[in-house]
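Trainee: can't give you the sequence, but here's the structure:
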């Protein structure tokens, strides 16, 4: 079994990740302390690596880190790696999602996708990346109360109907960008052992 710490001290996030893996294959625990890591990389891969390196250097144990965001084709330079900072500091998830809806008013091109890049940093010579993606579009309104972030305004292509990701909690747990990336991690390390 591969034991990893998550590049976060958030036990809820660690639990979410742990549920994505077979515990006989990969075990995830939250780091005992949170590190302040400046995520100034130009890509998801760079930011995931910055977090993984910082946690590995501090705790000297294999690390799993991730960086994710929402990419909106009609707003190519506004979200992506900046998704958590969209609209500026101090906005809530709901305010960011509503700001996105406002910026999308009148736009016909509504295609979007969530992306998650997971970095598994075993040591400085063994660093692996896994990418998961969830394609969809930006809806016309804010719908649903489950999930977080941009889930209430994102309509996944593969789900049935016009429900937002926030209205598809069980479906999301199996099909999200994070779930897809985690599936690649598990498959890789299962085949590697």
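Mentor: Okay, I see it. Fair warning: this is a prediction, and the values are worked out from it, not measured in the lab.
Trainee: continuing past the worst-scoring helix or strand of the chain on mean pLDDT, what's the next helix or strand?
Mentor: Every helix and strand of the chain was ranked by mean pLDDT, DSSP states H and E. The lowest is helix 11-18, at a mean of 81. Following helix 11-18 in sequence order, the next helix or strand is strand 26-30 (DSSP states H and E).
Trainee: distance from that next one to the middle of the chain?
Mentor: 17 Å (CA atoms, centre = their mean, to the nearest Å).
Trainee: ok, now stretch 23-38?
Mentor: 15 Å.
Trainee: re the thing from before, the least confident helix or strand of the chain to strand 26-30, inter-axis angle?
Mentor: Here the directions of helix 11-18 and strand 26-30 differ by 170 degrees (axes from the mean of the first three to the mean of the last three CA atoms, to 10 degrees).
Trainee: so where's this protein shaky on pLDDT?
Mentor: For the chain, the stretches with pLDDT under 70 are 193.
Trainee: run the last query once more with 80
Mentor: For the chain, residues meeting the criterion pLDDT under 80 lie at 9-12, 146-147, 160-161, 193.
Trainee: can you give me the strands for it?
Mentor: 2-6, 26-30, 63-72, 111-123, 126-138, 154-156 (DSSP state E).
Trainee: compare those strands and report which one is nearest to residue 38.
Mentor: With CB to CB as the measure, strand 63-72 is the member of those nearest residue 38 (12.9 Å). Every residue, glycine included, has its C-beta placed from N, CA and C.
Trainee: picking that back up, which strands and helices lie in contact with the least confident helix or strand of the chain?
Mentor: If you count contacts as 3 or more CB pairs under 8 Å, 6 or more residues apart in numbering; DSSP states H and E, helix 11-18 packs onto strand 2-6, strand 26-30, helix 177-192.
Trainee: okay, the ones you listed in JSON lines with mean neighbour count and distance to residue 80 next?
Mentor: Formatted as JSON lines, the helices and strands packed on helix 11-18 follow (neighbours: other CB atoms under 10 Å; distance: least, CB to CB, whole Å):
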{"stretch": "strand 2-6", "mean neighbour count": "20", "distance to residue 80": "23"}
{"stretch": "strand 26-30", "mean neighbour count": "18", "distance to residue 80": "26"}
{"stretch": "helix 177-192", "mean neighbour count": "17", "distance to residue 80": "13"}
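Trainee: could I get the ones you listed as JSON lines with distance to residue 169?
Mentor: Listed next are the helices and strands packed on helix 11-18 as JSON lines, based on distance: least, CB to CB, whole Å:
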{"stretch": "strand 2-6", "distance to residue 169": "22"}
{"stretch": "strand 26-30", "distance to residue 169": "21"}
{"stretch": "helix 177-192", "distance to residue 169": "12"}
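Trainee: out of those, flag the one nearest residue 134.
Mentor: helix 177-192 (4.3 Å).
Trainee: list the helices and strands that closest one packs on?
Mentor: Other helices and strands packing on helix 177-192, by 3+ CB pairs under 8 Å, 6+ apart, are helix 11-18, strand 26-30, strand 63-72, strand 111-123, strand 126-138.
Trainee: who's in contact with it?
Mentor: Contact partners of helix 177-192, identified using CB atoms under 8 Å, 6 or more residues apart in numbering, comprise 2, 16-17, 20-22, 25-26, 64, 66, 68, 113-118, 120, 128, 130-134, 172-173.
Trainee: appreciated, that's everything.
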